[in-house]
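Participant: this one's sequence-less:
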């Protein structure tokens, strides 16, 4: 039985809280974050130390909640890279009320996220050194390359632990609930929500892309009014406005969205590392233009007197091209960043 301990009703004292995933018991230390039907806890086991446990509640009869949860599990299994968070374990629990709970056990990053690192520099009134910006950007780009070039997995090879339900029946159901309803391209995947808070910092100081719930096949064909409305609803749940590509924010009928949306978000992320704020949030502050207007028109500026090299600023400008076809591929970005890194260390 899987459960989380609660407060003692008789005296109000806190009993030790724990959760069991596939028979392994984890002590719950504290809540790290929450949103919608999901909660993330810091947990600890005697064997493996500290980890992060994501708990997703899927109400009874809600296909719309179980499908994304299982797709997130699938994504963590699909992409294998030191620059992408790797799943430790997962389990789907059938609750007595008919709902399901999905548990996803992930590494815990004690150094926090890239956003935490940016915030520390803001508090100290310091800049992230350019060589460090380039090093971190290279790591993120290598993680994105793994996502963009991922070969399609054989869905029949993906297994889930289902409690209190026949495995064959439930696994068949879950395989039918494919999140990628916007196209069947097998060419690439995209993360769709690259931003500093979704990039963790490992104990070795490496950037690690996390939160793969927004990740799905990159080729999104908007070829009907229904597809347009469906994508807009999906976007509101999975994408962050200030790091969102224009073609996602102002999605049009008969358009195709590709992995180049991640390149735009990557450019916003580099800009935020350099200047402590995303480019279109800054534009709103200095000119009064709304984030939506600035983003769709590509209106932003580089702070005057910046100490960052023209080479790094040029990488940002290449990424923040309103025309997706005009943005470089991640392969090209890695080459540009490696050249820049060589110049900085020489």
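Facilitator: Right, received. Where do you want to start? Computed from a prediction, not measured in an experiment: that's the story for all the values here.
Participant: list the buried ones in the helix or strand encompassing residue 103?
Facilitator: Secondary structure from DSSP states H and E places residue 103 in strand 100-107. Judged by neighbour count using 16 or more other Cβ atoms under 10 Å, the buried positions of strand 100-107 are 100, 101, 102, 103, 104, 105, 106, 107. Any C-beta I mention is one placed from the backbone N, CA and C, and that applies to glycine too.
Participant: which other helices and strands contact the helix or strand hosting residue 52?
Facilitator: In this structure, residue 52 is located in strand 49-58 according to DSSP H and E. Applying 3 or more Cβ pairs under 8 Å, 6 or more residues apart in numbering; DSSP states H and E, one finds that strand 49-58 contacts strand 18-21, strand 24-35, strand 38-45, helix 63-78, strand 100-107.
Participant: ok, now with 10 Å
Facilitator: Helices and strands touching strand 49-58, by 3 or more Cβ pairs under 10 Å, 6 or more residues apart in numbering; DSSP states H and E, are strand 18-21, strand 24-35, strand 38-45, helix 63-78, strand 89-94, strand 100-107.
Participant: parallel or antiparallel, list what pairs with the last one.
Facilitator: When you say that, I think you mean strand 100-107. The strands that strand 100-107 pairs with in its sheet are strand 49-58 (antiparallel), strand 89-94 (antiparallel) (by DSSP bridges).
Participant: tell me the pLDDT at the spatially closest residue to residue 140 that is not a sequence neighbour?
Facilitator: Nearest residue to residue 140, sequence neighbours excluded (Cβ to Cβ, 6 or more residues apart in numbering): residue 207, at 5.0 Å. According to the prediction, residue 207 has pLDDT 98.
Participant: residue 134 is in contact with residue 207, correct?
Facilitator: No. Using Cβ atoms under 10 Å, residue 207 is not in contact with residue 134; the gap is 11.7 Å.
Participant: which secondary element of this structure has the worst mean pLDDT?
Facilitator: helix 167-176 (a mean of 32; mean pLDDT, DSSP states H and E).
Participant: centre of the chain to stretch 213-233, how far?
Facilitator: 17 Å (Cα atoms, centre = their mean, to the nearest Å).
Participant: give me the buried stretch members for it, please.
Facilitator: Neighbour-count burial for stretch 213-233 [16+ other Cβ under 10 Å]: 213, 214, 215, 216, 217, 218, 219, 220, 222, 227, 228, 231.
Participant: if we can go back for a sec, mind checking how far the residue nearest to residue 140 is from residue 223?
Facilitator: According to Cβ to Cβ, to the nearest Å, residue 207 and residue 223 sit 36 Å apart.
Participant: how about residue 314?
Facilitator: Residue 314 is 36 Å from residue 223, by Cβ to Cβ.
Participant: residue 136 should be in a helix, yeah?
Facilitator: Yes. Residue 136 forms part of a helix when assessed by DSSP: H, G, I helix; E, B strand; the rest coil.
Participant: low-confidence stretches in this protein?
Facilitator: Along the chain, the parts satisfying pLDDT under 70 run over 1-16, 36, 60-65, 151-187.
Participant: which residue is nearest the centroid of it?
Facilitator: residue 211 (3.4 Å; Cα atoms, centre = their mean).
Participant: that one contacts residue 196, correct?
Facilitator: No. Checked against Cβ under 10 Å, the pair residue 211 and residue 196 is beyond contact range at 11.7 Å.
Participant: which residues do these two both contact?
Facilitator: Counting by Cβ atoms under 10 Å, 6 or more residues apart in numbering, the residues touching both residue 211 and residue 196 are residue 113.
Participant: residue 102 reaches residue 74, doesn't it?
Facilitator: No. Counting by Cβ under 10 Å, residue 102 sits too far from residue 74 to count as a contact (11.4 Å).
Participant: just the strands in the protein please.
Facilitator: Remark: strands assigned in the chain by DSSP state E are 18-21, 24-35, 38-45, 49-58, 89-94, 100-107, 162-163, 189-190, 199-201, 207-209, 216-217, 220-222, 255-257.
Participant: of all these, which one comes closest to residue 140?
Facilitator: Set against residue 140 and scored by Cβ to Cβ, the strands of the chain come closest in strand 207-209, at 5.0 Å.
Participant: what are the buried residues along the closest one?
Facilitator: The neighbour-count check on strand 207-209 (16+ other Cβ under 10 Å) flags 207, 208, 209 as buried.
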